[in-house]
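> Everything below, folded, please.
(chains A and B)
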Amino acid sequence: MPDPLAYTSDSSPPSPSSSPAEAVAAHEDAALLLSHPSQPTPSPSASRSPPPPYIASRPRNGNIMDPLFRCLPQSNQAIRTAGVYISGALFSLGFWFFIDASVYSKVNNPGDVHINFVDWIPGICSASGMLVINSIEKSHLNGDSINYTGGPSVANKARHILFLGFALMAGGLAGSVAVLVLKYVVEKYEFETMYFGIANVVANSLIMLSSMVLWVSQNMEEDYTYRL
Amino acid sequence: MTAGLKTIVALSFVLAIGFLLVILSSALFKNYLPLLVVATYVVAPLPNAICGRCATTNDFTAESDGSAVVEFGRWLTGFLVVMGMALPVMLFHCGVITMGAMIMSIAGGLLIYVTIITFSRFFQEENDWYSG
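Just a heads-up that it's a prediction; the model follows:
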């Protein structure tokens, strides 16, 4: 087998008769050199031929978001736990948004408009709606329609209570928007005063979002594995 | 043994730094409201502990995973952890404390909370690791 440098030294292309066999031999040599464990290979990743581009651009498990999803909790129980934590965090964020507006109104209020009980009503409605919704036993909602007492069935009663809870929460959100419009926007106050109304809307939206997260995370199926 | 000892020493240093930051944030400005952060983060691991204890007593009547008491404890934990961060931000936004006090109290409170959580993870028994 001739020296591979010989081709470049005499600068003539290899003749087609001798080229394939020698190329195969050189290939096998390189493969042997790569596969041999005792031989010192300075940088195996550099000497390895790069993969075809359609493989290189594709992550290993076929999903381009796979490294992201591997960080997420995989089992259903972990997702429920995370959902409950996130729900508490969202509720806290909304609650403290409104407390911030109240303290701002008390401590350094630039105008003469203060937060009074009217501003608290939507938040109270939202929080009690959240309490009602999440107090319902979930298995009663899609239970059987057999009634033992002659009245409406348990599932129907539970759905009525659920409707009451959702109405309370939606009423809280709508009430906060109403307070924002009627008390602050119509009177054309400065932004620092209008912040009280905006914070009220944000707080009620966050409480609603928190309740949704809690509802979804509690209604997940027990044996449903979360595959992405 | 030595690993546990090193952990204890490191965690106590972190705890001391956290308390130092919170106390500095209040004492430097003669305004002791940021100390509420310490109270929040000390209380924050309690709901999980109490509710985990409560749930193990009636384990047979509970559902397969997590009774309502346990989930309420987790919800309260999430509430308290965010409260520890929202409280200094609220105080700063209302002009009660300065920005330096806000940053120091948030950092100190997080250090204290991380220390408490790591302590309870390290020194928990094997059989009730999920209750904390």
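
> Quick one: name whatever helix or strand follows the host helix or strand of B:Ile23.
For B:Ile23, the host element (DSSP states H and E) is helix B:2-27. Next helix or strand after helix B:2-27 toward the C-terminus (DSSP H and E): helix B:35-43.

> And the very next helix or strand once past that next one, what's buried?
Proceeding N to C from helix B:35-43, the next assigned helix or strand is helix B:46-57, under DSSP H and E. Residues of helix B:46-57 classed as buried: B:Pro47, B:Asn48, B:Cys51, B:Gly52, B:Ala55 (neighbour count, 16 or more other Cβ atoms under 10 Å in any protein chain shown). (Glycine included, C-beta is placed from N, CA and C.)

> ok, and of those, which contact chain A?
Among these, proximity to chain A is found for none (Cβ under 8 Å from any Cβ of the partner chain).

> Could you export the residues you listed as JSON lines, including distance to B:Phe29 and pLDDT?
JSON lines is the format used below for these (distance: Cβ to Cβ, whole Å; pLDDT from 0 to 100):
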{"residue": "B:Pro47", "distance to B:Phe29": "31", "pLDDT": "87"}
{"residue": "B:Asn48", "distance to B:Phe29": "33", "pLDDT": "85"}
{"residue": "B:Cys51", "distance to B:Phe29": "37", "pLDDT": "82"}
{"residue": "B:Gly52", "distance to B:Phe29": "38", "pLDDT": "77"}
{"residue": "B:Ala55", "distance to B:Phe29": "43", "pLDDT": "68"}
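
> Could you list the low-pLDDT ranges of chain B?
B:1-3, B:55-66, B:124-132 (pLDDT under 70).

> so what's the residue in it positioned nearest to chain A up against?
Going by Cβ to the nearest Cβ, chain A is nearest to B:Gly78 of chain B, at 2.7 Å. Contact analysis of B:Gly78 by Cβ atoms under 8 Å, 6 or more residues apart in numbering or on different chains lists A:Val84, A:Tyr85, A:Ile86, A:Ser87, A:Gly88, A:Ala89, A:Phe91, A:Ser92.

> Among the residues you listed, which ones are in strands?
If you go by DSSP state E, the contacts of B:Gly78 have nothing in strands.

> Farthest pair within these?
Farthest pair in the contacts of B:Gly78 (Cβ to Cβ) is A:Val84 and A:Ser92. Separation: 12.8 Å.

> Any residues of chain B in contact with chain A? List them.
Within chain B, the residues that sit near chain A (Cβ under 8 Å from any Cβ) are B:64-66, B:71, B:74-83, B:86-87, B:89-91, B:93-96.

> still on that earlier bit, adding distance to A:Asn108, write the buried residues of helix B:46-57 out as a markdown table.
Supplementary listing: the buried residues of helix B:46-57 in a markdown table, determined by distance: Cβ to Cβ, whole Å:
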| residue | distance to A:Asn108 |
| --- | --- |
| B:Pro47 | 34 |
| B:Asn48 | 37 |
| B:Cys51 | 39 |
| B:Gly52 | 42 |
| B:Ala55 | 45 |
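
> Just the buried subset of the residues of chain B next to chain A, please.
B:66, B:71, B:74-83, B:86-87, B:90-91, B:93-94, B:96.

> can you give me the helices for chain A?
Along chain A, counting by DSSP state H, helices occupy A:5-10, A:19-35, A:44-47, A:53-56, A:66-71, A:76-107, A:117-135, A:138-141, A:154-179, A:191-218.

> Figure out which of those is closest to B:Ala101.
The minimum distance between B:Ala101 and those falls on helix A:76-107, with 15.3 Å, by Cβ to Cβ.

> For B:Ala16, give its distance to A:Asn108.
Using Cβ to Cβ, to the nearest Å, we find B:Ala16 at a distance of 35 Å from A:Asn108.
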